[in-house]
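**Student:** how does the following fold in three dimensions:
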Amino acid sequence: MSDNRNPSGSGPIDAVILWVDGSDPKLTEKRERYLAQEKKSVAHPGAIPTRFASSNEIQYCVLSILTFARFIRNIYVVTDDQDPDLRDVVRTRFPGKEECIKIVDHREIFRGYEQYLPTFNSSSIIPMISRITGLSERFVFFDDDVILIREVREEDWFVGNRPVLWGSWRLPPYRLIAGNKLKVLINRHIRNNKEYLPKISFYIRQWQSAFLLGFRGRYFFHDHTPHPFHKPTIDNFFASNPELLEKTISYHFRDHEQIILSSVTYHLEILNGNRNIRKSRIGYFHPWYSESRMNRRIKHCTNDPRIKSICIQSIESVSQVLREKIFAWMDAILERKS
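**Tutor:** Okay, here's the model as predicted:
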């Protein structure tokens, strides 16, 4: 059953969420085996355990979509032979909507590219999500720690078939690039840590993705928000650049060299004349926030009507007290609107 009212007449809109339960022993054994094969440790920037941890954020993500984006037709949860077991809670809160939750295995979207499985790398998986069987041409991508907290209209994500681009223009991150080079120099040649790799930078990789498409003096930066995509934009780009697709998905673990699909698609949209640009307004929760700062962030998100989504990064690293406070706040928001 779908509640998609299709106000624009441009066709349905689906949601896609990436999810992994890093505590699954089967997945843990497989990940450790591939780390050993590639001679990487869990300290590798693309293999840090927090990348795979789950604290039930997926349930809040799904319930928030059903609560605040009722025009969404189907919610596809992309996993590696796992199931987040959402049907009962969805059936209880939204009777009949459990049929809208679709579990998609990596093997489905990597059909024809099975040699690159298994993968433990969202940057390798996201370029393949447009291959989900039955996926609508217009869809919205969520990381599982991105959660809606207010009503979203279709026009917040699409104007006709064109995605709304949430973000802002920035100068290239030359200071970060120079800083990384300096860290590599110091650690590898002075401290004799030959295996040192700097942290994988969200900023640098967005710039690299923009640079690939010919942007030089500036790039369009986006935050950790829901990302609206037009499926043909992705399919046409990779059809014209099959070698880039294979290089991107070949990494089992996140790598400095990989493109970010959301950045590529945003810049492709801009090159194609899309000027539906809006400044990002999100609530971002860092795991190292103090209790007082976390309280201020919750209050700010509660009081600012422009903030429609939040990203709770690495919540498993937050103290139990703060974790319970965040979940209680989100419970109150969802229960009040359900």
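**Student:** alpha carbons only for contacts and neighbour counts from here, please
**Tutor:** OK.
**Student:** wasn't residue 77 part of a helix?
**Tutor:** No. Using DSSP: H, G, I helix; E, B strand; the rest coil, the assignment for residue 77 is strand, not a helix.
**Student:** where does it land on pLDDT?
**Tutor:** Predicted confidence (pLDDT) for residue 77: 98.
**Student:** now it: how far from residue 56?
**Tutor:** 14 Å (C-alpha to C-alpha, to the nearest Å).
**Student:** cool, and residue 244?
**Tutor:** Distance from residue 244 to residue 56, by C-alpha to C-alpha: 34 Å.
**Student:** next: residue 231.
**Tutor:** Here residue 231 is placed at a distance of 28 Å from residue 56 (C-alpha to C-alpha).
**Student:** and those two? which has more neighbours close in?
**Tutor:** Neighbour tally, residue 231 and residue 56, criterion other C-alpha atoms under 10 Å: the higher count belongs to residue 231, 18 against 15.
**Student:** and that one, what does it touch?
**Tutor:** For residue 231, the contacting residues are 130, 136-139, by C-alpha atoms under 8 Å, 6 or more residues apart in numbering.
**Student:** contacts for stretch 201-221?
**Tutor:** 167-173, 176-177, 256-261, 263-264, 266-268.
**Student:** which of those residues fall in helices?
**Tutor:** 176-177, 261, 263-264, 266-268 (DSSP state H).
**Student:** and which of those is nearest residue 112?
**Tutor:** residue 261 (19.8 Å; C-alpha to C-alpha).
**Student:** so that closest one makes contact with residue 127?
**Tutor:** Yes. Contact criterion C-alpha atoms under 8 Å: residue 261 and residue 127 qualify, at 5.9 Å.
**Student:** sorry, back to before: mark which of the ones in helices among the contacts of stretch 201-221 are buried, thanks.
**Tutor:** 261, 263-264, 266-268 (16 or more other C-alpha atoms under 10 Å).
**Student:** find the centremost residue of the chain, please.
**Tutor:** Centroid-nearest residue in the chain, with C-alpha atoms, centre = their mean: residue 143, separated by 3.2 Å.
**Student:** who wins for most neighbours among the contacts of residue 231?
**Tutor:** residue 139 (25 neighbours).
**Student:** helix, strand, or coil at that one?
**Tutor:** Applying three-state DSSP: residue 139 is strand.
**Student:** which element is the closest residue to it other than its chain neighbours on?
**Tutor:** Among residues not flanking residue 139 along the chain, residue 14 sits closest, at 4.6 Å (C-alpha to C-alpha, 6 or more residues apart in numbering). Element membership of residue 14, judged by DSSP states H and E, is strand 13-18.
**Student:** can you give the strand pairings for that strand, parallel or anti for each?
**Tutor:** Strand 13-18 pairs in its sheet with strand 72-79 (parallel), strand 138-143 (parallel), by DSSP bridges.
**Student:** now those as a markdown table including distance to residue 317?
**Tutor:** Shown next, in a markdown table, are these (distance: least, C-alpha to C-alpha, whole Å):
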| stretch | distance to residue 317 |
| --- | --- |
| strand 72-79 | 22 |
| strand 138-143 | 17 |
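**Student:** which one of those lies nearest to residue 190?
**Tutor:** strand 138-143 (38.3 Å).
**Student:** and that closest one, how far from the chain's centre?
**Tutor:** Strand 138-143 has its C-alpha centroid displaced from the chain centroid by 8 Å (C-alpha atoms, centre = their mean, to the nearest Å).
**Student:** any idea of the mean pLDDT for that strand?
**Tutor:** The model assigns strand 138-143 a mean pLDDT of 97.
**Student:** which other residues reach that strand?
**Tutor:** Against strand 138-143 from outside (C-alpha under 8 Å, 6+ apart): 11-19, 157, 161, 225-231.
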